[in-house]
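[1] sequence unknown, structure follows:
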């Protein structure tokens, strides 16, 4: 019973619960970072959350790969897809396409986004902080592929709206990226599947 849950509902819901928890901590950081009752947040930086996410994601993909092997081995038909009937290349190619490639794609896009923001920081240090860099990278990885494709332009649009709002209402030039980064992440995390369908990007789902 425990194994059935672990290799069934656990594998389905664990990523959502884990990513929701990280997003919650990110929101708490933004609103309560300087509050005395939330002093524990200083020990849970975005950089530490990033390392934790990368480690857990790697272990999760390994778990999925092992589970795929066990499922195929247990079934009379699919066991012929495994050695000695087939080369290991067949199994590894299948798991790469269906398990690993989506994470590799989001890693590439997320780190390119991170690199662009780092270049921006070099020339506009007052616009983006080191914390914003790690927040942008962490949020991008959490959302995954292909939701990151929606996240980046949405963040840019929200940053532009925030800048225009401050210019019109408060008569000041202000570019702040923390709130747009966080707000865009929350929107895509909860409504990403709808947005993928709306923009005809569901075909990119691995």
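    The structure has been received and is ready for your questions. Owing to the predicted nature of the structure, the values given are computational and were not obtained by experimental measurement.
[2] next, count neighbours for residue 141.
    The tally of other residues near residue 141 (other CB atoms under 10 Å) stands at 23. Any C-beta I mention is one placed from the backbone N, CA and C, and that applies to glycine too.
[3] that one: helix or strand, and which one exactly?
    Under the criterion of DSSP states H and E, residue 141 resides in helix 130-143.
[4] hang on, isn't residue 184 packed against residue 154?
    Yes: Residue 184 is within contact range of residue 154, at 4.5 Å (criterion: CB atoms under 8 Å).
[5] comparing those two, which residue is more hemmed in?
    residue 184 (23 against 19).
[6] which non-adjacent residue is nearest that one?
    residue 155 (4.0 Å; CB to CB, 6 or more residues apart in numbering).
[7] re earlier: what residues do residue 184 and residue 154 have in common as contacts?
    Taking CB atoms under 8 Å, 6 or more residues apart in numbering as the contact rule, residue 184 and residue 154 have no neighbour in common.
[8] before we move on, back to that, what's the helix or strand just after the helix holding residue 141 in contact with?
    Sequence-wise, the next helix or strand downstream of helix 130-143 (DSSP H and E) is helix 147-169. Identification of contacts with helix 147-169 by CB under 8 Å, 6+ apart yields 106, 109-110, 113, 136, 139-140, 143, 172-177, 179-181, 183-185, 187-189, 192, 195-196, 199, 201, 204.
[9] buried residues in helix 147-169?
    147, 148, 149, 150, 151, 152, 154, 155, 158, 159, 162, 163 (16 or more other CB atoms under 10 Å).
[10] could I get those in TSV, plus columns for pLDDT and distance to residue 54?
    What follows is the buried residues of helix 147-169, written out as TSV (pLDDT from 0 to 100; distance: CB to CB, whole Å):
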residue	pLDDT	distance to residue 54
147	95	18
148	96	15
149	95	21
150	96	22
151	96	18
152	95	20
154	96	24
155	95	21
158	93	26
159	89	26
162	85	29
163	82	32
